[in-house]
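S.K.: would you be able to build a 3D model of this:
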Amino acid sequence: MSVYHERQKWELCALHALNNVFQDGQAFSKQLLDELCQNLSPGSVLNPHKSMLGLGNYDVNVIMAALQHKECEAVWWDKRRCLAELRLDVLLGFIINIPSPMQLGFVSVPIRRKHWIAVRQIDGTYYNLDSKLSKPVTIGEDGKLRSFLETQLKLKGCELLLVVTKEVAESRTWLK
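M.R.: Reported below is the predicted structural model:
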């Protein structure tokens, strides 16, 4: 199986992360995410769930609503827990929110923004499917994945979402 990887366009990292987790460029569209924003804040002039410029920058509420369209859920990972408690075999993937420097062309501005990235196992190997990367980066097997996640979680402001089916979320079988 080849690895599907969407590259960054505008501020659509949430869209790219969702499609990269599901390994299907047709899973979600900007139009669907914009509709979800409207449903989350009907009648609002400035929608708080996306960029006021209409270029993306969707928040976690949009990601959670999008996952529900696929009969899935986002489970927030409590950083105080040990990653060894995770049952990797029942997870569809991960969506990580990391601080990212703001770029204006080639110049890095000292403003930190949030960036969504996807991590997914494909044929027994985990991949970092960050849309800012030119191609997927191999993480490796379970142990290397846990090390990668530990490193990410040490970043100030990093948040980890587990992408699971509704059944796994309800039964909490993502925990050992």
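
S.K.: buried set for stretch 3-16?
M.R.: Neighbour-count burial for stretch 3-16, counted by 16 or more other Cβ atoms under 10 Å, picks out Tyr4, His5, Glu6, Glu11, Leu12, Cys13, Ala14, Leu15, His16. Placement of C-beta: from N, CA and C, glycine included.

S.K.: skip the chain neighbours and tell me the closest residue to the spatially most central residue of the chain.
M.R.: In the chain, the centroid-proximal residue (Cα atoms, centre = their mean) is Ile95; its distance is 2.7 Å. Distance criterion Cβ to Cβ, 6 or more residues apart in numbering; nearest residue to Ile95, sequence neighbours excluded, is Leu161 at 4.5 Å.

S.K.: got it, and Arg7?
M.R.: Ser131 (5.7 Å).

S.K.: neighbours of that neighbour, how many?
M.R.: Neighbour count for Ser131, taken as other Cβ atoms under 10 Å: 21.

S.K.: so it: helix, strand or coil?
M.R.: coil (DSSP: H, G, I helix; E, B strand; the rest coil).

S.K.: my guess is it meets Asn20, correct?
M.R.: Yes. If you go by Cβ atoms under 8 Å, Ser131 and Asn20 touch, sitting 7.0 Å apart.

S.K.: joint contacts of those two?
M.R.: By the contact definition Cβ atoms under 8 Å, 6 or more residues apart in numbering, Ser131 and Asn20 are jointly contacted by His5, Glu6.

S.K.: coming back round to it: what does the average pLDDT come to for the helix or strand harbouring the residue nearest to the centre of the chain?
M.R.: Element membership of Ile95, judged by DSSP states H and E, is strand 93-104. Per-residue pLDDT values over strand 93-104 give a mean of 79.

S.K.: please apply the same query to stretch 164-174.
M.R.: 94.

S.K.: try stretch 120-131
M.R.: Mean predicted lDDT for stretch 120-131 stands at 94.

S.K.: could you do stretch 9-17 as well?
M.R.: The model assigns stretch 9-17 a mean pLDDT of 87.

S.K.: go on, stretch 140-148?
M.R.: So the average pLDDT for stretch 140-148 ends up being 95.

S.K.: check stretch 21-33 too.
M.R.: 88.

S.K.: start to end distance for that stretch?
M.R.: Counting by Cα to Cα, to the nearest Å, you get 16 Å between the two ends of stretch 21-33.

S.K.: name the residues that touch it?
M.R.: Identification of contacts with stretch 21-33 by Cβ under 8 Å, 6+ apart yields 3-4, 6, 12, 14-15, 18-19, 50, 56, 58, 62, 66, 69-70, 92-95, 118, 120, 122, 129, 163.
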